[in-house]
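Visitor: Provide a 3D model corresponding to the input given below.
(4 chains)
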Protein chains: 4
Amino acid sequence: MHRDLKKEPLRGVIPPMATLLLDDNQLDKEGTAQLIEHLIAGGVHGIFILGTTGECTNISYQLRRELITLSCEKVNGRVPVLVGITDTSLEESLALSRLSKEAGAAAVVAAPPYYYGLGESELITYFNKLADALPLPLYLYNMPSHTKTMMTQKAVLELSKHPNVYGLKDSSGQAVFFNAMIYAFRNRPDFTLLVGPEEMMASTVLMGGNGGVSGGANVFPKLFVDLYNAADKGDLKEVARLQEMVMELADEIYAMGSYGSSFLKGLKASMSIIGIGSGYLATPLSAFDKDQIEVIKKKLTGLAAYKQYI
Amino acid sequence: MHRDLKKEPLRGVIPPMATLLLDDNQLDKEGTAQLIEHLIAGGVHGIFILGTTGECTNISYQLRRELITLSCEKVNGRVPVLVGITDTSLEESLALSRLSKEAGAAAVVAAPPYYYGLGESELITYFNKLADALPLPLYLYNMPSHTKTMMTQKAVLELSKHPNVYGLKDSSGQAVFFNAMIYAFRNRPDFTLLVGPEEMMASTVLMGGNGGVSGGANVFPKLFVDLYNAADKGDLKEVARLQEMVMELADEIYAMGSYGSSFLKGLKASMSIIGIGSGYLATPLSAFDKDQIEVIKKKLTGLAAYKQYI
Amino acid sequence: MHRDLKKEPLRGVIPPMATLLLDDNQLDKEGTAQLIEHLIAGGVHGIFILGTTGECTNISYQLRRELITLSCEKVNGRVPVLVGITDTSLEESLALSRLSKEAGAAAVVAAPPYYYGLGESELITYFNKLADALPLPLYLYNMPSHTKTMMTQKAVLELSKHPNVYGLKDSSGQAVFFNAMIYAFRNRPDFTLLVGPEEMMASTVLMGGNGGVSGGANVFPKLFVDLYNAADKGDLKEVARLQEMVMELADEIYAMGSYGSSFLKGLKASMSIIGIGSGYLATPLSAFDKDQIEVIKKKLTGLAAYKQYI
Amino acid sequence: MHRDLKKEPLRGVIPPMATLLLDDNQLDKEGTAQLIEHLIAGGVHGIFILGTTGECTNISYQLRRELITLSCEKVNGRVPVLVGITDTSLEESLALSRLSKEAGAAAVVAAPPYYYGLGESELITYFNKLADALPLPLYLYNMPSHTKTMMTQKAVLELSKHPNVYGLKDSSGQAVFFNAMIYAFRNRPDFTLLVGPEEMMASTVLMGGNGGVSGGANVFPKLFVDLYNAADKGDLKEVARLQEMVMELADEIYAMGSYGSSFLKGLKASMSIIGIGSGYLATPLSAFDKDQIEVIKKKLTGLAAYKQYI
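Guide: Alright, predicted model coming up:
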């Protein structure tokens, strides 16, 4: 019934869906349904829930379970749903994966356990154990800024031999590493290579990568899909035009305030401004205040991307 | 009923109890009971469960709940039980704290949420929110190597004003920071300052700190209690004699192999050698193999501490 | 007399020339002359001496001075010579710049002082002071792994207003930052943006960057020049073909052994194998031993790049 | 003629002397002479010039040479002079050491080369090479925050076998590491262990360390000498009284402003307020402005240490 992700591997834009909340303990179910329609209408090639942009680790397991069920139900097979199961406890990851399978998700995504930093051999052992026990395909997730563990080239190559490991999402931001991955997997079209930072999506696709998990696609899904298509076809002129929109978005919207949470604050504020969600961020993060929202509103509506896509 | 930890603040050796397991999903209940008797017989001043040494984040919530209940039951009020509730989700921390209260724990201990790194003001907001909602006294836990967030002096001072914040456990290993804390709280005997690394316990007590959360006390509780008492009385000669044992332990037992997990591997191997627990480590960590255990055995039984205390 | 680097800004491949040595205290003058001819024959657009690949900080000032004079004399105006003057002491940087001017260099390149880490405003103050005092155009050099100071977007934008600051060489390896630079300077064709890691050169040129300071060009200058030209023309097929050679080079030659110096060891070994220099590395680094050289030789002569370009 | 530092090893307070400047290119010779008298009058056990507090790497080699000569001349054998020769180039370190020998210095101090980070074996090779070639005794200097290279226990133990390596100055701030050193060298009274951060001096002496390179001794030499003596005698009450002064100094004077340079700015401002030097900091650092100096003045004159010692 499900598409075979080895034979038809993932390609394109798979947004890390923002988790819309009414408060710390309640999903915004209506907003979530609306966001899913917004993404699918924009032409995305899959939806990744409970990633870093989805504030995965900040919400309770109860909410995570509700979100998995709700998302799979609303997407209803139109695109593959990938579920982030990153956890410090193997058992909790497996529990989420079993629920994901039941709910109809296509695959799961896992970064290394992130409390204790792991060594290379511990990392390999861990992911082999996880991949053995999972009821769904696994995409590795490299996120060293949050997990303190950089996946080495050797670890990824070793793990790629496991029949249940289908690809890598790399959010290290290190283009040298990503290019090494493209080279290492040049004869493995079944192994999907996705890049995290949206500013790198076009260039990595031009160099042979398979797409991106672009956070900004929560606001402008079609912009990122168009950019992916332009890069995939090698239309450099169109890439340049759209990339400028992507960079303007980053420059104007994600850089306000300080700390690592600026991106998330700007993103959720922008979503609420275009009518999706309330802008609430789960503890320990918090939304911009009214004055900041006004600034974001002014900036957002002035963007070239806004003019073309909203 | 419970001792008032403001009026009679914590002092002394509060070991971070190792979590004894049969496998990833089963507590070693017998071993746990035995370990608790071992610790109390050694004279410890409290027991801290589900800390970093307790592999807190690696085990499932089900096991964490069982351990809380079991430990409180077995300790049975003889010493205060502190429960680590560090989590990335506020709701999960609160759930553990409610169970801890019911089970009879004296207090909880929390490090910052550890997936997203937090800025100073986010940190302060988070801990105030947590302290407001907790049913038990809170000890702050500074553990920057694992949480990526160093608690600043400003943050600790600010949070120490909250009536439900009772102290700080500092595992940064930065003596300058700890000494600054001793200075900052010189007129606050109600605010407890505990140091993490056991190698620093004696010196920080000599300088005015209140004790330590010494991992090695799982094996040699009385050694650390004697060392604390010597330091507390200012008996420098005895401090020197016992500190040498502590350093020999670290040098011989914790340094084998690589990675951050060497300490835990050596500790659990040593515990099993003296008959406490099986030495099992929860995924993603793993125990030493037989040959390595033999090496540890030889080293352990040769220690001055072993000769005096076992 | 000199080309005006504002009106005709730098574009293309400007290799960070390896410093050829007989021992710690003697330049290999013959080798240096030969290397310069090798680079110019390969079509490089400039030569950057005393960069990180040039072991800049490891050799004495006496040798640095000799190298500046020798290189400028041998290049003899055929391409611009850029001189690395990165130092912890402003006065020593200025002394090297004065000599560079006399010798006929076209510009200088400076990373932040690298003993004390600097804050953003200290960084801006420092570079403005340096740019004021320099007798030659200045290219900023972002090298956070070695200097501990990441140049912020704000700092680069601020410094780019100084009439004597002509561009940026970014070796952070962070594609998001580099793309932000491309966006920020999209209307400043006079401000040159060069990327450090050779694995990123093609993609950054495709996205609008101006070229690269590619270390591997010491061995294969024409490969990198051809790759630059292909990227500059938007010939994606040729880019893919040549990029694979570049990645094979990195994968086979730079990854042997451990530590940050593997790249330099592999590079100098490869140069010696094709007859340029003795392979000597200045203290505190050291060359591969004979057995390792044999391995490199086998790998090097098997490279697609070797077959096409040597 | 010189005291044999193996037979009479260094003990006590050896301040890292601040480098007094009129501007970037001129020593304040008068101020330097006055500072040396101030230190010796305070009872210091040695003087360490051109350390991190001495802004070693920020001044030109010409100034470094002048300072070496001037300091040795003014000290005139009353206490040992140690000279910092940390450099990225072995040859430049050796040149400074030869001048130091001629000028009458007792020993040199060297941190690892600090541009390229070194691996453990490169570190050992480097220091053995340096120790072989030096005309004076060598003290190792562990300063990972500035050099990016943490000296491992293994490296120090290995290097301590070299007849020309006399001790270690550790500025890592990691008490666990320092205590491991005390343990490792418990039977080597000839091998001197000095701690960098002044906040740690008393506790490390209580635990068996040999003294400190305390920056604040530039202002209050006698305070640190008294504290050392109290710790050395095991007078815990006096240690507590003086340690509080030391911590008050750190809390009030070193914490103003941001960046790593706050300590140096506060220190040089304090020195100028008590009449020693102009407060000038070499580029790329800069002194506090007038308003900030006024704040420092108020704070400084209110310190318990000021009241007792100035």
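
Visitor: In the stretch 101-250 of chain A, mark out all the helices, start to finish.
Guide: A:120-133, A:144-147, A:153-159, A:175-184, A:201-206, A:221-233, A:236-253 (DSSP state H, counting those that start in this stretch).

Visitor: buried stuff in the fourth one?
Guide: Within helix A:175-184, the residues that qualify as buried by neighbour count (16 or more other C-beta atoms under 10 Å in any protein chain shown) are A:175-184. Every C-beta, even on glycine, is put in place using the N, C-alpha and C of the backbone.

Visitor: before we move on, back to that, with respect to burial, which of the helices of the stretch 101-250 of chain A scores highest?
Guide: Most buried of those, by mean neighbour count (mean count of other C-beta atoms under 10 Å in any protein chain shown): helix A:201-206, with a mean of 27.

Visitor: pLDDT (mean, whole number) over that one?
Guide: Across helix A:201-206, pLDDT averages out at 98.

Visitor: so does that helix get close to chain C?
Guide: Yes - Helix A:201-206 is in contact with chain C by C-beta under 8 Å from any C-beta of the partner chain, via A:202-204, A:206.

Visitor: which strands and helices sit next to that helix?
Guide: Packing contacts for helix A:201-206, counted by 3 or more C-beta pairs under 8 Å, 6 or more residues apart in numbering or on different chains; DSSP states H and E, involve helix A:175-184, strand A:192-195, strand A:211-212, helix A:221-233, helix A:236-253, helix C:201-206.

Visitor: could you redo the ones you listed as CSV and give each row distance to residue A:304?
Guide: Below are those laid out as CSV (distance: least, C-beta to C-beta, whole Å):
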stretch, distance to residue A:304
helix A:175-184, 25
strand A:192-195, 23
strand A:211-212, 20
helix A:221-233, 10
helix A:236-253, 5
helix C:201-206, 21
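
Visitor: Minimum distance to residue D:64: which of those has it?
Guide: Among the helices and strands packed on helix A:201-206, the nearest to residue D:64 by C-beta to C-beta is helix A:175-184 (37.6 Å).

Visitor: by how many degrees do that closest one and helix C:236-249 diverge?
Guide: Put simply, helix A:175-184 runs at 100 degrees to helix C:236-249, going by axes from the mean of the first three to the mean of the last three C-alpha atoms, to 10 degrees.

Visitor: Residue numbers of chain A in contact with chain C?
Guide: So chain A meets chain C at A:173-176, A:178-180, A:182-184, A:186, A:197, A:199-200, A:202-204, A:206-208, A:234, A:236, A:239-240, A:243-244, A:247-248, A:250-251 (C-beta under 8 Å from any C-beta).

Visitor: how about the strands in the stretch 1-150 of chain A?
Guide: A:12-13, A:21-23, A:26-27, A:47-49, A:81-84, A:107-110, A:138-142 (DSSP state E, counting those that start in this stretch).

Visitor: residue ranges with poor pLDDT in the stretch 151-300 of chain A?
Guide: Applying pLDDT under 70 to the stretch 151-300 of chain A flags residues A:257-260.

Visitor: brain fart, the stretch 1-150 of chain A
Guide: Scanning the stretch 1-150 of chain A for pLDDT under 70 picks out A:1.

Visitor: TSV please, covering the helices of the stretch 101-250 of chain A and showing distance to residue D:221.
Guide: Formatted as TSV, these follow (distance: least, C-beta to C-beta, whole Å):
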stretch	distance to residue D:221
helix A:120-133	50
helix A:144-147	44
helix A:153-159	53
helix A:175-184	50
helix A:201-206	58
helix A:221-233	64
helix A:236-253	52
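
Visitor: Go through those and name the closest to residue C:255.
Guide: Among the helices of the stretch 101-250 of chain A, helix A:153-159 comes nearest to residue C:255, with 8.1 Å by C-beta to C-beta.

Visitor: Give me the residues contacting the closest one.
Guide: A:120, A:123-124, A:127-128, A:131, A:140, A:142, A:165, A:168, A:177, A:180-181, A:184 (C-beta atoms under 8 Å, 6 or more residues apart in numbering or on different chains).

Visitor: Correct me if wrong: residue A:111 contacts residue A:147.
Guide: Yes - with contact defined as C-beta atoms under 8 Å, residue A:111 counts as touching residue A:147 (5.1 Å).

Visitor: who touches both of these two?
Guide: Joint contacts of residue A:111 and residue A:147 (C-beta under 8 Å, 6+ apart) are residue A:86.

Visitor: Save the buried residues of helix A:175-184 as a markdown table, and put in distance to residue C:13 too.
Guide: Listed next are these as a markdown table, based on distance: C-beta to C-beta, whole Å:
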| residue | distance to residue C:13 |
| --- | --- |
| A:175 | 18 |
| A:176 | 17 |
| A:177 | 22 |
| A:178 | 22 |
| A:179 | 17 |
| A:180 | 21 |
| A:181 | 24 |
| A:182 | 21 |
| A:183 | 20 |
| A:184 | 25 |
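
Visitor: and which of those residues is nearest residue C:63?
Guide: residue A:176 (30.0 Å).

Visitor: ok, the closest one touching residue C:197?
Guide: Yes - if you go by C-beta under 8 Å, residue A:176 and residue C:197 touch, sitting 4.9 Å apart.

Visitor: If we only consider the buried residues of helix A:175-184, which is nearest to chain D?
Guide: Taking C-beta to the nearest C-beta as the measure, chain D lies nearest residue A:176 of those, at 17.3 Å.

Visitor: distance of residue A:161 from residue A:149?
Guide: Separation of residue A:161 from residue A:149 (C-beta to C-beta, to the nearest Å) stands at 20 Å.

Visitor: For those two, work out which one has more neighbours and name it.
Guide: residue A:149 (23 against 8; other C-beta atoms under 10 Å in any protein chain shown).

Visitor: Help me confirm that that one comes into contact with residue A:115.
Guide: No - the pair residue A:149 / residue A:115 is not scored as a contact, 10.7 Å apart, by C-beta under 8 Å.

Visitor: ok so, going back, where do the contact lists of residue A:176 and residue C:197 overlap?
Guide: The overlap between the contact sets of residue A:176 and residue C:197 (C-beta under 8 Å, 6+ apart) consists of residue C:173.

Visitor: Point out the most buried one among the strands of the stretch 1-150 of chain A.
Guide: Most buried of these, by mean neighbour count (mean count of other C-beta under 10 Å): strand A:81-84, with a mean of 29.

Visitor: what pairs with that strand, and is each one parallel or antiparallel?
Guide: Using DSSP bridges, strand A:81-84 pairs in its sheet with strand A:47-49 (parallel), strand A:107-110 (parallel).

Visitor: what distance separates the first one from the centre of its chain?
Guide: Between the mean C-alpha location of strand A:47-49 and the chain-wide mean there is a distance of 6 Å, by C-alpha atoms, centre = their mean, to the nearest Å.

Visitor: So what touches it?
Guide: Under C-beta under 8 Å, 6+ apart, the answer for strand A:47-49 is A:14-17, A:19, A:36, A:39-40, A:54, A:67-68, A:71, A:75, A:79-84, A:109, A:169, A:213.
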